[in-house]
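J.: Let me see the structure of the following:
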Amino acid sequence: MRYLLVFAFLTAFMFISGVIYVSADPSSEQGDHHMAPITGSKELEKLKTLAGTWQGTTVMGGKEMPVSVAYETSSNGSVVVETLFPGTPHEMVSVYFDESGKLGMTHYCAIGNQPHFSLAKSSDTGMELVFAEGTNLDPAKGSYMHDVTFEFKDDNNMVQEWTHYENGKEKEVATFTFTRAK
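T.: Predicted structure coming up:
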């Protein structure tokens, strides 16, 4: 009897494992979940063209220093993920996406807050996003990123300016000059 129970358990386990494998296999006949990539606003589509790694410089504390940034498209083309200072303790991630057809972004800052930005203006050679709201911050008392501008020099060169606010006032502007590395 005990062997029969073990056999029944193993048979059930193998059946369930097979069902899980078939449903997890994207090429299975259970259904193809492949979808056409999402096309977003003009600004989101521009950011998708940045995919890859960029190298450049910025000035911090009065000293020029090297900096890198990586861009990747994710979530079926509905977002662009920017990783600034990748692999360092100062690493920060910004996620760009469309909100009702207009570019928005949430910046996951190394200081522990998450300002949310909305598109303020855009042209063929640049765009500006400004602070709309945020989590883990009080704009009147805290320290946070308030806006970011992109200037696209050409397909392989760009300049970003990030404006830092503290206690409700502009504290500094950090300029990043990038060249596409790969």
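J.: low-confidence ranges in this structure?
T.: Counting by pLDDT under 70, the chain has low-confidence residues at 1-33.
J.: cutoff 80 now
T.: 1-34, 60-61, 182 (pLDDT under 80).
J.: And the helices in the chain?
T.: 2-24, 42-48 (DSSP state H).
J.: For beta bridges, what are the partners of the nearest residue to E133 once chain neighbours are set aside?
T.: Closest residue to E133 apart from its sequence neighbours, by Cβ to Cβ, 6 or more residues apart in numbering: H116 at 5.1 Å. C-beta: built from backbone N, CA, C; applies to glycine. Per DSSP bridges, the residues bridged to H116 are T106, E133.
J.: My read is that H116 contacts L103, right?
T.: No: taking contacts as Cβ atoms under 8 Å, H116 lies outside contact range of L103: 11.9 Å.
J.: Which strand residues bridge the residue nearest the centre of the chain?
T.: Centroid-nearest residue in the chain: V81, 2.1 Å away (criterion: Cα atoms, centre = their mean). V81 forms beta bridges with E72, V95, as assigned by DSSP bridges.
J.: returning to what we had before: how many neighbours does the residue nearest to E133 have?
T.: Residues near H116, counting by other Cβ atoms under 10 Å, number 15.
J.: Now for K102: which residues touch it?
T.: S41, S118, L119 (Cβ atoms under 8 Å, 6 or more residues apart in numbering).
J.: what does G134 give?
T.: Under the criterion of Cβ under 8 Å, 6+ apart, the neighbours of G134 are N113, Q114, P115, H116, Y144.
J.: So what's the residue count around E161?
T.: 14.
J.: if I read this right, it contacts E170, doesn't it?
T.: No: assessed by Cβ under 8 Å, E161 is found out of contact with E170, at 11.7 Å.
J.: Is it possible to mark the buried ones in the contacts of G134?
T.: N113, Q114, P115, Y144 (16 or more other Cβ atoms under 10 Å).
J.: For L47, see how far away the nearest residue to K42 once chain neighbours are set aside is.
T.: In space, and not counting its chain neighbours, K42 is closest to S122: 7.1 Å by Cβ to Cβ, 6+ apart. The spacing between S122 and L47, counted by Cβ to Cβ, to the nearest Å, is 11 Å.
J.: Could you check how far the closest residue to F85 other than its chain neighbours is from N113?
T.: Using Cβ to Cβ, 6+ apart and skipping the chain neighbours, the partner closest in space to F85 is E91 (4.9 Å). Distance of E91 to N113, computed by Cβ to Cβ: 15 Å.
J.: just V79 next, same as before
T.: 20 Å.
J.: What is the burial count for H107?
T.: Around H107 there are 24 residues (other Cβ under 10 Å).
J.: same deal with G62?
T.: G62 has 5 neighbours, counted by other Cβ under 10 Å.
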